[in-house]
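1. Sequence first, then the predicted structure, then my questions.
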Amino acid sequence: MKTKALRLVTLTLAVACLTSLAFSVERQPNAAYRARREALAKKTDGGVVVLFAPVEKDTEIYGFRKEDNFYYLTGYEEPAAALLIAPAVEAKDKTPARPYTEILFLPAHNTVQEKWLGPKLGPDDPDAKQRTGFDRVEVLDKMRDELARLVPSRATVYSDLPDFGETSASPEGLDWLKRANAFLGFVSFKDVKPMLASLRTIKDSGEVDLIRKAVDASAAAHLAAMKAMKPGVNEHEISALMQYEWDKRGCDRPAYAPIVGAGFNSTVLHYSADDATIQNGDIIVIDAAGEYAMYAADITRTLPANGKFTARQREIYDIVLGAQQAAMNAFVSGKSKLVGRDDPDSLFKVAYEYINTHGKDSHGEPLGKYFIHGLGHYIGLNVHDAGDYTIPLAPGMTFTIEPGIYIPEEKLGVRIEDDYWVDPAGKLVKLSGSLPSTAEEVEKAMAGK
């Protein structure tokens with residue numbers, strides 16, 4: 001009896017260990033991922049979707065990260081898996097009817113590799129279906145036979161085709177799929193990413209909850225940076241402090257390379273060296289945020305090194321903040337757009353015109369030419385998330401509003417960036433609203449008040 005009990009305890013612990021390894025981050029219920037797969041299937045006009053998860057290498061330096069689209073559809077975070085989605089089709093001519101089919105393919109257990117990379121979920125594990133939410137979980141070796149069965153000749157296969165100048169998220173799988181065309185029988189390949197971008201434009205409530213957690217952790221990190229900022233501190237110290245702060249609140253990694261740029265570096269949009277010593281009188285742009293359960297935040301604040309803005313720094317700061325507020329005030333759900341210089345419904349146009357009419361450079365020229373980037377972008381599984389920018393902002397969308405002014409000759413750059421969500425009623429919600437924004441609030445936070 002003791003031996004049986006010991007075996008049962010050992011098995012229970014092993015299953016628990018595998019479960020924690022298979023799903024190490026917070027994730028949504030399986031039903032949410034299935035609903036996305038079914039929604040994608042309806043967009044394919046009878047075509048079949050085939051996606052591959054990236055392969056993990058035992059030489060990974062920064063750790064394995066899931067591919068956005070594969071994770072969006074499966075919630076599955078282990079490597080080397082494959083996904084097949086075949087929509088239901090009615091019988092036509094000599095082609096038989098086909099029910100809706102979805103299969104998750106997993107590699108067989110590799111005990112040698114698992115000694116290096118840890119235990120993985122296998123297709124023969126008894127709870128694989130329950131944990132993944134798939135009715136069918138098969139060994140990867142069966143994929144060829146299932147493709148031959150489900151994909152008729154002259155069908156369309158949607159997959160992760162490479163963009164211009166870029167590679168597929170899983171080039172090994174895509175190469176195999178193209179070679180498999182020989183036994184599939186003259187199928188055509190189309191890129192699945194535009195359809196997925198359309199779906200990912202609107203976030204469900206579970207996604208918004210995860211984005212909120214990323215934003216809250218990142219806002220706490222910015223507040224810590226405000227309290228630690230002073231002349232003589234190295235930019236890297238601030239960056240390291242912030243990463244510690246959001247990591248201890250559950251973030252898995254930075255959502256992007258942190259930017260801490262002081263003085264002239266504040267005018268360099270994607271400055272990432274973060275190795276200069278902050279001087280008295282500098283202004284510092286901090287664009288840094290964490291990623292929680294695969295979902296990104298994106299926040300920027302601009303701070304005076306000594307805790308007090310100079311008159312000129314405050315003038316530019318207030319113009320940038322005013323531009324952000326003008327865009328917020330102009331927002332109308334179902335009408336406003338993030339992009340467009342000439343579109344009357346563009347929030348960018350509102351912010352640009354505010355900047356261009358509320359201040360001058362040292363030569364008396366309007367400041368519009370120093371606003372050199374877009375007003376905002378979608379956030380989600382990627383900090384610059386996939387989405388459709390041609391449609392108006394509407395309930396379920398999450399995005400940034402981030403005007404900025406960068407004047408290199410004055411060593412003066414200011415950017416203020418916050419994260420927003422359009423709620424079901426069409427209200428614009430500032431997710432990062434708890435973080436100090438006005439010059440007065442920033443100075444008080446830096447003084448520890």
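-> That came through, no problem. Numbers count the residues shown, from 1 in each chain.

2. Could you pull up the residues touching V151?
-> For V151, the contact set (C-beta atoms under 8 Å, 6 or more residues apart in numbering) comprises 48, 86, 157, 184, 187. Placement of C-beta: from N, CA and C, glycine included.

3. can you tell me how far it sits from A297?
-> Between V151 and A297 the distance is 40 Å, computed by C-beta to C-beta, to the nearest Å.

4. G322: how many residues sit nearby?
-> Per other C-beta atoms under 10 Å, the neighbour tally for G322 reads 17.

5. same deal with the one 5 residues further on?
-> For A327, the count of nearby residues is 26 (other C-beta under 10 Å).

6. In three-state terms, label it for me.
-> The three-state assignment at A327 reads helix, by DSSP: H, G, I helix; E, B strand; the rest coil.

7. Roughly how far does it sit from I259?
-> A327 is 22 Å from I259, by C-beta to C-beta.

8. returning to that earlier point: confidence-wise, which of the contacts of V151 comes last?
-> Within the set of the contacts of V151, pLDDT is lowest for L184 (59).

9. one step back: now, the contacts of V151 that are in strands?
-> Judged by DSSP state E, strands contain the following of the contacts of V151: 48, 86, 157.

10. what about the residue lying closest to the second one once chain neighbours are set aside, neighbour count?
-> Yep, that's A86 we're talking about. Ranked by C-beta to C-beta, 6 or more residues apart in numbering and with sequence neighbours excluded, the top spatial neighbour of A86 is T101, at 4.3 Å. Around T101 sit 17 other residues, with neighbours defined as other C-beta under 10 Å.

11. try P99
-> Counted with other C-beta under 10 Å, P99 comes out at 8.

12. so what pLDDT did L6 get?
-> Reported pLDDT for L6: 33.

13. Would you agree L40 falls within a strand?
-> No: using three-state DSSP, the assignment for L40 is helix, not a strand.

14. you'd agree it is up against I85?
-> Yes: with contact defined as C-beta atoms under 8 Å, L40 counts as touching I85 (6.4 Å).

15. Which neighbours do those two have in common?
-> Counting by C-beta under 8 Å, 6+ apart, the contacts common to L40 and I85 are 49, 73.

16. right, and G448 touches M229 too?
-> No: G448 lies out of contact with M229 (C-beta under 8 Å); the separation is 11.3 Å.

17. More neighbours: the two, which one.
-> Set G448 next to M229 and count neighbours by other C-beta under 10 Å: M229 wins out with 25 against 8.

18. Look up how far R144 lies from K411.
-> The gap separating K411 from R144 is 61 Å, by C-beta to C-beta.

19. ok, the two, which is more surrounded?
-> Between K411 and R144, K411 has the larger neighbour count (other C-beta under 10 Å), namely 16 against 13.

20. List the contacts of the closest residue to V383 other than its chain neighbours.
-> Spatial nearest neighbour of V383, excluding adjacent residues (C-beta to C-beta, 6+ apart): A296 at 4.1 Å. With contacts defined as C-beta under 8 Å, 6+ apart, the neighbours of A296 are 211, 214, 255-256, 289-290, 379-383, 385.

21. Tabulate these (JSON lines), appending neighbour count and secondary structure.
-> Shown next, in JSON lines, are the contacts of A296 (neighbours: other C-beta atoms under 10 Å; DSSP: H, G, I helix; E, B strand; the rest coil):
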{"residue": "I211", "neighbour count": "24", "secondary structure": "helix"}
{"residue": "A214", "neighbour count": "31", "secondary structure": "helix"}
{"residue": "A255", "neighbour count": "24", "secondary structure": "coil"}
{"residue": "Y256", "neighbour count": "19", "secondary structure": "coil"}
{"residue": "A289", "neighbour count": "31", "secondary structure": "coil"}
{"residue": "G290", "neighbour count": "30", "secondary structure": "strand"}
{"residue": "I379", "neighbour count": "28", "secondary structure": "coil"}
{"residue": "G380", "neighbour count": "26", "secondary structure": "coil"}
{"residue": "L381", "neighbour count": "23", "secondary structure": "coil"}
{"residue": "N382", "neighbour count": "19", "secondary structure": "coil"}
{"residue": "V383", "neighbour count": "19", "secondary structure": "coil"}
{"residue": "D385", "neighbour count": "22", "secondary structure": "coil"}
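
22. Throw these into JSON lines and include distance to P29 and pLDDT, thanks.
-> Below are these laid out as JSON lines (distance: C-beta to C-beta, whole Å; pLDDT from 0 to 100):
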{"residue": "I211", "distance to P29": "17", "pLDDT": "98"}
{"residue": "A214", "distance to P29": "19", "pLDDT": "98"}
{"residue": "A255", "distance to P29": "24", "pLDDT": "97"}
{"residue": "Y256", "distance to P29": "28", "pLDDT": "96"}
{"residue": "A289", "distance to P29": "26", "pLDDT": "98"}
{"residue": "G290", "distance to P29": "24", "pLDDT": "98"}
{"residue": "I379", "distance to P29": "22", "pLDDT": "98"}
{"residue": "G380", "distance to P29": "18", "pLDDT": "98"}
{"residue": "L381", "distance to P29": "17", "pLDDT": "97"}
{"residue": "N382", "distance to P29": "22", "pLDDT": "97"}
{"residue": "V383", "distance to P29": "25", "pLDDT": "97"}
{"residue": "D385", "distance to P29": "21", "pLDDT": "97"}
